[in-house]
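Visitor: Could you look at this predicted model? Sequence included:
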Amino acid sequence: MQLSPEEGAWARCGAARLPWGLGLLLALGLVLGVGPALAQDAVEPPPAAGTAEEPDAPEDAGSEDAGSEGAGSEGAGSEHAGSDDELDDAGAAPPAMPLDGRLRAATDVLVYSDDNAVRVVSPQLSVRYALDEDGGEISARAVVDVISAASVDVVTHATNGFDEVRYEAELAASKAFGDHTPSLAYRASREPDYVSHGVSVGLTSRLGTPDSVLALGWGGTFDRVGRSGTPRDAFEEHLQTHTASLAYTQTLSPRLLLRGAYNLVYQRGYMEKPYRYVPLFTEAQAAAAEASGGLDLDSFDAFRSNVRPPEEVPDTRVRHAAALRALAYFPDTRTSLRLDYRFYADDWDVRAHTLEPVVRSAIREHWELAGWLRAYRQSGASFWQRAYVVPDLGTLPHYRSVDRDLSPYTTLTFGLRTTWRNERWAVYLDAAVAQTWYDDFLYLDTLTALLAQAGVRITL
């Protein structure tokens, strides 16, 4: 099955793609990041509160920037769950790393399961080496996604399901030059029918003071889409994605921080799924189905026509995402509160709103507890229909899709994380549950997903 490389671990399931991401969160990169997503946006371990290492200002960690979610869905994003134990904010100053702890290694494992017969196990290894105390570093990351799916999205397209493995690797480097820190990264991923290469460049600058930070970035991905079991000379398509980002962070006081971010994404090329076919209904078939109680997963096959054209969506897409964040720290209770809001819009007429409050606190020496709630709501694409009804089978809808990420839906996600850390080690455990309600999707009305994630970091 085709797996979209721009989506996080929660969303890397091809035709059975998850509706959000943590992520990380997944980047749960599922807060301001697809989505996902909790996998992309999981609250990462903060510095040990009440210790000498605790910063005066609250740390802005745990979510992605405004545009890391995908096509209006909550789960898109390129980060793996827990890919970094701080998920450095694109709009914040590069974090200082004491030079007596230059090297940091991490391992994470994410496990996802839902009641639509999708299972994902996603281990990751990463390493960082500090070049200076102002955020300069080199890093490497490797991810493996092991996916098993027999969801209705898959079964309704004439297959019993699939098992697949996806590999991804990334190299990145940044170097501080006074108040400016340029960065460069390269990412590659491969699976049986999808190969992706991505590059990104960025610049983070302190505007005369560490309290005012501007971040600029550009990223490009270049993907080759195939079909399992089909030679490349018989089927091969391409997709390019270009992303421009802007973020500004202002520290108003030692305990209050505000941030705004904007992302612009332009895509051109093949955005269909090569395995996805769209059932059609004549007007007479639709009337017969309505008289029998309406179309649903159990009845649609009895009423649809024998014509099932492949999915067809526009070849270009322009996406906008804007986000705001407020972060406050309360030293008396060693607690931080964060509130994120994100608005998404694209030229396919998808509109989405995400609201996420996060609370985390040092509950005792070396131990921290965090909890978050995410509310996500999106409208459907302009060409989305629950069922495509045609006057005759010689007339096909110009654009047509059964991608549930293009339908209107609502998702609520709740998660908890507990963390133990000392000067060298950090160990965390996440648990999250997400409930999705589809307004107008033929194959599903609801989806319940469970996610567990654990990780270990060591600083040398």
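Guide: Structure received.
Visitor: can we go C-alpha only for contacts and neighbour counts from here?
Guide: Fine.
Visitor: so what's the backbone phi/psi at Tyr277?
Guide: Per-residue torsions, Tyr277: phi -120, psi 150 (degrees, to the nearest 10).
Visitor: per-residue confidence at the closest residue to Ala370 other than its chain neighbours?
Guide: Of all residues not flanking Ala370 in the chain, Arg360 sits nearest, at 3.9 Å (C-alpha to C-alpha, 6 or more residues apart in numbering). Model confidence at Arg360, given as pLDDT, is 94.
Visitor: Let me know how buried Arg360 is, in neighbour terms.
Guide: 23 (other C-alpha atoms under 10 Å).
Visitor: same check, this time on Tyr388
Guide: 20.
Visitor: Equivalent analysis for Pro357, please.
Guide: 18.
Visitor: That one sits in which helix or strand?
Guide: Element membership for Pro357, per DSSP states H and E: strand 351-364.
Visitor: Which helix or strand lies directly C-terminal to that strand?
Guide: Next in sequence after strand 351-364, counting helices and strands by DSSP H and E, comes strand 367-378.
Visitor: Quick check: mean pLDDT of that following strand?
Guide: Strand 367-378 comes out at a mean pLDDT of 97.
Visitor: quick one, strands of the stretch 301-450 of the chain?
Guide: For the stretch 301-450 of the chain, applying DSSP state E, counting those that start in this stretch gives strands covering 316-330, 335-346, 351-364, 367-378, 388-390, 409-421, 425-438, 446-459.
Visitor: now what about the second one, what contacts it?
Guide: Residues from elsewhere that reach strand 335-346, judged by C-alpha atoms under 8 Å, 6 or more residues apart in numbering: 31-32, 58, 66, 71-72, 317-330, 350-362.
Visitor: And stretch 282-300, end to end?
Guide: Stretch 282-300 has its terminal residues 12 Å apart, counting by C-alpha to C-alpha, to the nearest Å.
Visitor: cool, stretch 227-239 as well?
Guide: Chord length of stretch 227-239, first to last residue, is 14 Å (C-alpha to C-alpha).
Visitor: hmm, who's touching it?
Guide: 1-2, 192-193, 222-226, 267-271, 274-275.
Visitor: circling back: run through the residues that contact the residue nearest to Ala370.
Guide: Thr335, Ser336, Leu337, Glu368, Leu369, Ala370, Gly371.
Visitor: Buried only: go through those for me.
Guide: Among the contacts of Arg360, those classed as buried by 16 or more other C-alpha atoms under 10 Å are Thr335, Ser336, Leu337, Glu368, Leu369, Ala370, Gly371.
Visitor: who's the first one bridged to?
Guide: It refers to Thr335. Beta-bridge pairing of Thr335 under DSSP bridges involves Phe330, Ser361.
Visitor: same deal with Ser139?
Guide: Counting by DSSP bridges, Ser139 is bridged to Arg128, Ala172.
Visitor: Tell me the spacing between it and Ile363.
Guide: Distance from Ser139 to Ile363, by C-alpha to C-alpha: 32 Å.
Visitor: Among these two, which residue is more densely surrounded?
Guide: Taking neighbours as other C-alpha under 10 Å, Ser139 and Ile363 compare with Ser139 leading, 18 against 15.
Visitor: With just CA atoms, put the strand or helix carrying Ala288 into CSV.
Guide: Using DSSP H and E, Ala288 sits in helix 283-291. The C-alpha trace of helix 283-291 is given here as CSV (Å, rounded to 0.1, in the frame of the first residue of the first chain):
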residue,chain,number,x,y,z
GLU,A,283,-29.8,7.9,-9.8
ALA,A,284,-32.0,4.8,-9.9
GLN,A,285,-29.6,2.8,-7.7
ALA,A,286,-29.4,5.7,-5.2
ALA,A,287,-33.2,6.0,-5.0
ALA,A,288,-33.5,2.2,-4.4
ALA,A,289,-30.9,2.4,-1.6
GLU,A,290,-32.8,5.3,0.0
ALA,A,291,-36.0,3.4,-0.1
